[in-house]
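>>> Build me a structure from this.
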Amino acid sequence: MDLLLLGLIAIVFLAAGAVKGISGMGLPTFSVALLGLFMPAATAATLMLLPSLLTNIAQCVGPHARALARRLWPMWLMLAAATVFSPLPDLGSAGAGARLTLGTVLVAYGLWGLARAALPDPGRFARPLGGVAGALSGLLTAATGVFVMPMVPYLQSLRLDKDVMIQALGLSFLVATLALAVRLGPLAVLSGAAVPLAGHAIALGAACTGLWLGSVLRRRLPLPVFQRALYSVFIALGALMLARAL
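Numbers count the residues shown, from 1 in each chain. Predicted coordinates:
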């Protein structure tokens, strides 16, 4: 890899890490979509794996893990089970149709959120609805590799504080990432293109730096601004998926 390519990798992962630091999500989709503009998809996926895993682990750290586990375990259980045992085609073989559908849903939900609409509080049905949201998210994870729908709208309906929401997203995405790795098994490491150690090191360092910068900015954002940023990420993720599908 030449210096120009290493510089582009650093810029991409710095931006993707910042997006994740502000909104709690988006690093895999943003980084792979942007890297795919100037390198093979297999190489992009290889570079994304370690930064995605470690930033998810970093995002899980916080004082709310035990309370979130008591509240969200039905969603996590169904998310993992549906991802591993999904009857849908595996990631990469589902074709453009799955990406097109999910991209449309993401854009529509983001626009709906920016219009200041709100999902009702699930109340005493929170756990069973969490299981349903986890199962549907697992099916989509297996087919598309995108973890957000309908898991994130469900988490938003719980009216969590923004820092609690970030930790809930990190824990949920970690469950989804590990479940997807179990489902794909050996296919997860068949990248087809070797990436030099320098590329992995720069990607990881830039992603962690971006995550830190985004988290600093997030703490200074009022809650309404944070929510608008979250919905804007939905729109951007959906637009990237639509662009890849079309």
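>>> Same question for the host helix or strand of Thr177: list its buried residues.
Per DSSP states H and E: Thr177 is located in helix 162-184. The neighbour-count check on helix 162-184 (16 or more other CB atoms under 10 Å) flags 162-177, 179-181, 183-184 as buried. C-beta: built from backbone N, CA, C; applies to glycine.
>>> remind me which residues of the protein are low pLDDT?
1, 36, 40-42, 45, 89-96, 98-99, 117, 145, 186-195 (pLDDT under 70).
>>> what does stretch 24-32 rub up against?
Residues from elsewhere that reach stretch 24-32 (CB atoms under 8 Å, 6 or more residues apart in numbering): 12-13, 15-17, 19-20, 41, 44-45, 47-48, 51-52, 55, 59, 145-148, 152, 165-166, 169-170, 173, 203, 207, 230, 233, 236-237, 240-241.
>>> Quick one: residues contacting Leu6.
By CB under 8 Å, 6+ apart, the contact set of Leu6 is 198-199, 202.
>>> Any idea how many residues pack against the closest residue to Pro122 other than its chain neighbours?
Nearest residue to Pro122 in three dimensions, chain neighbours excluded: Leu129, at 4.8 Å (CB to CB, 6 or more residues apart in numbering). Leu129 sits with 18 neighbouring residues when counted by other CB atoms under 10 Å.
>>> and what of Leu27?
Other residues lying near Leu27 total 28 when counted by other CB under 10 Å.
>>> what do you get for the one 10 residues further on?
The burial metric for Leu37, expressed as a neighbour count using other CB under 10 Å, is 9.
>>> One more: Gly138?
30.
>>> check contacts around it.
78-84, 86, 176, 179.
>>> And the buried ones among those, selectable in ChimeraX?
Of those, the buried ones can be selected in ChimeraX as follows, counting by 16+ other CB under 10 Å:
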select :78,79,80,82,83,84,86,176,179
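>>> ok, the contacts of Gly138 vs Arg218, which is closest?
Nearest to Arg218 among these, counting by CB to CB, is Ala176 at 21.4 Å.
>>> ok, the closest one touching Leu79?
Yes. Using CB atoms under 8 Å, Ala176 makes contact with Leu79 at a distance of 5.9 Å.
>>> what touches both of these two?
With CB under 8 Å, 6+ apart as the test, Ala176 and Leu79 both reach 137-138, 141, 151.
>>> tell me the contacts of Leu169?
By CB under 8 Å, 6+ apart, the contact list for Leu169 reads 24-25, 59, 152, 155.
>>> Check which element follows whichever strand or helix holds Trp112 along the chain.
Assessed by DSSP H and E, Trp112 sits inside helix 96-114. Beyond helix 96-114 on the C-terminal side, the first helix or strand identified by DSSP H and E is helix 126-144.
>>> tell me what the next helix or strand after that next one is packed against?
Using DSSP H and E, the helix or strand that follows helix 126-144 in sequence is helix 151-157. When contacts are defined as 3 or more CB pairs under 8 Å, 6 or more residues apart in numbering; DSSP states H and E, helix 151-157 sits against helix 65-85, helix 126-144, helix 162-184, helix 223-245.
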